[in-house]
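Peer 1: build me a model from this:
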Amino acid sequence: MIRTHAQRSRNVSHGDVPKNEKKKKVYREGSARWYAGISELAEDAEDDAEAGYISSDESAHGVDLAERLRVKPSKDIWELDEIQYTLRQLPHFEEILSLMDTGHYDEVISYATNTNGGVGLRSAALWACWLGRSTLLTKLLKLGIDPDETDDAGRTCLHLSCLVGSEVCAKVLLDHGAHPNRWDSSTDTKATPLHCAASAKSLACVKVLIAHGADVNAGLSDRSPLHYAVLSDAPEVVKELLEAGACPDTPQVFTETPLHVAASLGSASCTKLLLDAGADVRAAVGPGRSTALHLAAEDGHAECARLLLEHGAHIDWPNFRGQTPLHLATLAQSLEVVEMLVSKCANVRARDADGRTPLHGAIVRGARACDVARLLLSAGADPNAPDNFGYTPLHIAALNEFSACVLLLLDYGGDVTLRTNGGVSALSFIVRRVPDVIPRYLCKFDDAVHVSEHELGDVDCELTIDFRPLVPCLTRGEAELLLAFVEVGRKDVLKHPVAETFLFLKWRRIRKFFVLSFIYHALFITLYSLYILRKCVLSKTYIYLL
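Peer 2: Numbering: from 1, shown residues only. All right, here's what the predicted structure looks like:
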């Protein structure tokens with residue numbers, strides 16, 4: 001009976017032998033993608049938010065809920081079910097289909113001719129094109145059927161033949177005068193027969209149409225046949241259209257080009273053909289101002305990205321959000337694309353409109369966060385770079401409970417004392433969300449103690465303590481880390497031998513200043529008290545004399 005596109009494309013070239021096949025339902029994937037499934041703040045963090053410590057902007061928490069730069073359209077011009085529904089509304093379609101399945105086409109013609117003045121002939125012609133029955137179609141055309149006959153949606157016989165990839169039916173129609181450049185007459189005109197052939201990946205139909213004068217640039221301002229050939233990932237059709245003079249670009253600025261489509265879909269073969277044909281590698285699409293390299297990076301298509309870079313794509317070009325291709329590659333967690341961009345000297349410290357670096361994006365999701373983050377850090381990414389809300393990659397990793405990422409950032413110099421614009425330190429998030437990191441972090445204190453090869457009781461034994469783990473950043477004070485631990489309720493850290501030694505030595509350095517300060521303040525208070533008492537005594541004496 002009624003067959004799917006793939007079934008018709010396989011069967012129509014093998015003659016007119018009818019085959020009964022069940023109708024298949026077409027399922028389509030959703031076009032939108034949710035970037036970052038980040039867990040919400042815990043109750044204690046929510047308490048901080050209520051107290052005004054955490055920015056109310058959701059993006060400050062590392063959540064990237066931005067929509068995709070490009071929503072992928074369907075490669076089909078019309079829905080299969082919609083076409084079949086329209087054809088089923090034709091007069092006497094059931095009887096005609098039943099006779100067609102027997103293969104007795106003379107009976108089909110006889111029945112169609114004798115139905116209400118021959119209205120069945122139109123139904124027979126349209127169904128013959130849809131099912132690829134070239135022999136029946138030839139007989140109908142000889143009876144005088146209009147080769148440009150249309151269904152109720154305005155699709156001609158040639159449209160239907162090309163949609164199913166029947167080059168034999170297409171050639172028969174064209175030889176009988178069918179118009180190769182006629183658009184469908186629906187309210188929202190969509191396609192010419194060449195669009196349909198390209199969408200169906202039918203190279204044979206494309207060649208037949210071009211040979212009969214089809215316009216390869218029809219619909220260039222919107223979607224040309226080349227667009228649909230790329231959407232269908234049909235490099236042979238793309239090559240044929242380009243050789244026939246199809247324009248690889250669109251005349252309007254910021255309009256989607258076939259190169260954008262190829263890069264977004266990850267079709268390396270189509271991308272190469274378009275680039276070799278002179279497609280503009282720097283063309284930006286839509287209000288997002290995204291280049292083909294942005295789209296390839298967004299979906300992690302490494303081969304397409306490589307081809308674009310080899311043909312001069314700008315590696316650090318920002319889109320309207322300020323994101324470079326490296327930002328999008330890290331969000332997609334595509335290690336291959338990130339590695340390629342880094343090897344081509346992409347700026348690993350570039351900031352988007354929210355002040356985020358690619359390292360912020362690398363730890364939004366946990367699938368390959370550590371691998372991508374390690375690659376960026378080894379290339380010079382700053383683990384302490386804050387965004388516009390004061391959140392460093394360490395804050396985001398802790399919020400998302402990525403213990404491995406937190407440890408990685410700490411190994412590369414992540415500063416737990418850095419604070420958001422609301423005053424919350426990274427250590428505060430670590431203690432609340434990933435407390436298992438703290439013991440491993442304190443191991444740095446243990447590793448800071450070094451003993452010489454001599455025994456502890458030997459007079460030559462030397463004990464060396466490295467205090468650098470206690471002082472991650474000198475610009476904010478030597479005791480900032482210890483104060484941060486006290487702030488989060490971890491006073492036990494002060495009892496660690498390294499911390500005790502540090503505080504003891506610091507006390508020895510500052511105690512003389514403390515004593516002098518104490519003496520100064522004590523002397524000041526004493527003298528000031530004597531002055532006040534003297535004033536009070538003189539005041540009482542004066543009152544008594546009066």
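Peer 1: for residue 318, list the residues it contacts.
Peer 2: 324, 350, 352 (C-beta atoms under 8 Å, 6 or more residues apart in numbering). C-betas here are computed from N, CA, C, even on glycine.
Peer 1: can I assume the first one is in contact with residue 347?
Peer 2: Yes. Look at residue 324 against residue 347 with C-beta atoms under 8 Å: they come within range, at 6.8 Å.
Peer 1: need the overlap of contacts for these two.
Peer 2: In contact with both residue 324 and residue 347: residue 316, using C-beta under 8 Å, 6+ apart.
Peer 1: of those two, which one has the most company?
Peer 2: residue 324 (26 against 17; other C-beta atoms under 10 Å).
Peer 1: roughly how far does that one sit from residue 368?
Peer 2: Applying C-beta to C-beta, to the nearest Å, the value for residue 324 to residue 368 is 19 Å.
Peer 1: cool, residue 120 as well?
Peer 2: For residue 120, the distance to residue 368 - C-beta to C-beta - is 61 Å.
Peer 1: the two: which is more packed in?
Peer 2: Under the criterion of other C-beta under 10 Å, the comparison of residue 120 against residue 368 puts residue 120 first, with 23 against 16.
Peer 1: in stretch 201-217, what's buried?
Peer 2: 201-210, 212, 214-217 (16 or more other C-beta atoms under 10 Å).
Peer 1: how long is that stretch from one end to the other?
Peer 2: Stretch 201-217 has an end-to-end distance of 17 Å (C-alpha to C-alpha, to the nearest Å).
Peer 1: likewise stretch 373-391?
Peer 2: Terminal residues of stretch 373-391 lie 16 Å apart, using C-alpha to C-alpha.
Peer 1: what's next to it, contact-wise?
Peer 2: 55, 57, 59-62, 330, 335, 338-339, 342, 348-349, 351, 354-360, 362-363, 392-394, 405, 408-409, 412-415, 418-422.
Peer 1: now the residues you listed: which count as buried?
Peer 2: Buried among the contacts of stretch 373-391 (16+ other C-beta under 10 Å): 55, 59-62, 330, 335, 338-339, 342, 348, 351, 354, 356-360, 362-363, 392-394, 405, 408-409, 412, 414-415, 418-422.
Peer 1: from those residues, which land in helices?
Peer 2: The helices, defined by DSSP state H, take in 330, 335, 338-339, 342, 358-360, 362, 393-394, 405, 408-409 from these.
Peer 1: which two from the residues you listed end up farthest apart in space?
Peer 2: 339 and 394 (23.1 Å; C-beta to C-beta).
Peer 1: go ahead and confirm residue 277 touches residue 242.
Peer 2: Yes. Between residue 277 and residue 242 there is a contact under C-beta under 8 Å: 4.7 Å.
Peer 1: joint contacts of the two?
Peer 2: Common neighbours of residue 277 and residue 242 (criterion: C-beta under 8 Å, 6+ apart): residue 248.
Peer 1: and the helices in the stretch 1-150 of the chain?
Peer 2: 5-11, 43-50, 80-88, 93-102, 105-113, 119-130, 134-142 (DSSP state H, counting those that start in this stretch).
Peer 1: quick check: angle from the last one to helix 105-113?
Peer 2: So that's helix 134-142. 40 degrees (axes from the mean of the first three to the mean of the last three C-alpha atoms, to 10 degrees).
Peer 1: and helix 134-142, what other elements does it pack with?
Peer 2: helix 105-113, helix 119-130, helix 167-175 (3 or more C-beta pairs under 8 Å, 6 or more residues apart in numbering; DSSP states H and E).
Peer 1: how far does it sit from the chain's center?
Peer 2: In terms of C-alpha atoms, centre = their mean, to the nearest Å, the centre of helix 134-142 is found 50 Å from the chain centre.
Peer 1: okay, how far is it across stretch 136-156, tip to tip?
Peer 2: 17 Å.
Peer 1: any buried residues in it, and which?
Peer 2: Quick answer for stretch 136-156 (16+ other C-beta under 10 Å): 136-141, 145, 147, 149-151, 153-156.
Peer 1: just how off-centre is that stretch within its chain?
Peer 2: Distance of stretch 136-156 from its chain centroid, counting by C-alpha atoms, centre = their mean, is 46 Å.
Peer 1: quick one: contacts of that stretch?
Peer 2: So stretch 136-156 is in contact with 16, 78, 82-83, 86-87, 89-90, 100, 105-106, 108-109, 113, 121-122, 124-126, 128-129, 157-158, 160, 169, 172-174, 176-179, 182, 184-186, 189, 193, going by C-beta under 8 Å, 6+ apart.
Peer 1: which among these end up buried?
Peer 2: Applying 16+ other C-beta under 10 Å to the contacts of stretch 136-156 flags 16, 78, 83, 86-87, 90, 100, 105, 108-109, 121-122, 124-126, 128-129, 157-158, 160, 169, 172-174, 176, 178-179, 182, 184, 186, 193 as buried.
Peer 1: in the stretch 351-500 of the chain, which spans are strands?
Peer 2: Ranges of strands in the stretch 351-500 of the chain, per DSSP state E, counting those that start in this stretch, are 449-451, 463-465.
Peer 1: weakest of those strands in terms of mean pLDDT?
Peer 2: Mean pLDDT is lowest for strand 449-451 among these, at a mean of 68.
Peer 1: which residues touch residue 520?
Peer 2: Contacts of residue 520 by C-beta under 8 Å, 6+ apart: none found.
Peer 1: helix, strand or coil for it?
Peer 2: Classification of residue 520 using DSSP: H, G, I helix; E, B strand; the rest coil returns helix.
Peer 1: and it, how far from residue 534?
Peer 2: From residue 520 over to residue 534 the distance is 21 Å, taken as C-beta to C-beta.
Peer 1: ok, residue 356 touching residue 324?
Peer 2: No. Using C-beta under 8 Å as the test, residue 356 is too far from residue 324 to be in contact (11.1 Å).
Peer 1: could you chop this structure up by domain?
Peer 2: In the assignment given by automatic domain parsing, the structural domains of the chain cover 1-27+71-215, 448-545.
Peer 1: please enumerate the helices of the stretch 201-350 of the chain.
Peer 2: 203-211, 225-231, 235-243, 258-265, 268-276, 292-298, 302-310, 325-331, 335-343.
Peer 1: wait, residue 409 touches residue 393, no?
Peer 2: Yes. Contact criterion C-beta under 8 Å: residue 409 and residue 393 qualify, at 5.9 Å.
Peer 1: so where is the chain shaky, pLDDT-wise?
Peer 2: Applying pLDDT under 70 to the chain picks out residues 1-74, 117, 187, 447-461, 465, 467, 472-478, 538, 540-546.
Peer 1: nearest residue to the residue most central in space within it other than its sequence neighbours?
Peer 2: A centroid search over the chain (C-alpha atoms, centre = their mean) returns residue 298, at 4.0 Å, as the residue closest to the centre. What sits nearest to residue 298 in space, not counting adjacent residues and going by C-beta to C-beta, 6 or more residues apart in numbering, is residue 328, at 4.4 Å.
Peer 1: so the one you found is in contact with residue 294, correct?
Peer 2: Yes. Taking contacts as C-beta under 8 Å, residue 328 lies within contact range of residue 294: 5.8 Å.
Peer 1: how far away is the residue nearest to residue 113 when sequence neighbours are not counted from residue 185?
Peer 2: Excluding its sequence neighbours, the residue lying closest to residue 113 (C-beta to C-beta, 6+ apart) is residue 121, at 6.4 Å. Residue 121 sits 20 Å away from residue 185, taking C-beta to C-beta as the criterion.
Peer 1: check residue 244 too.
Peer 2: Here the criterion is C-beta to C-beta. By it, residue 244 lies 26 Å from residue 185.
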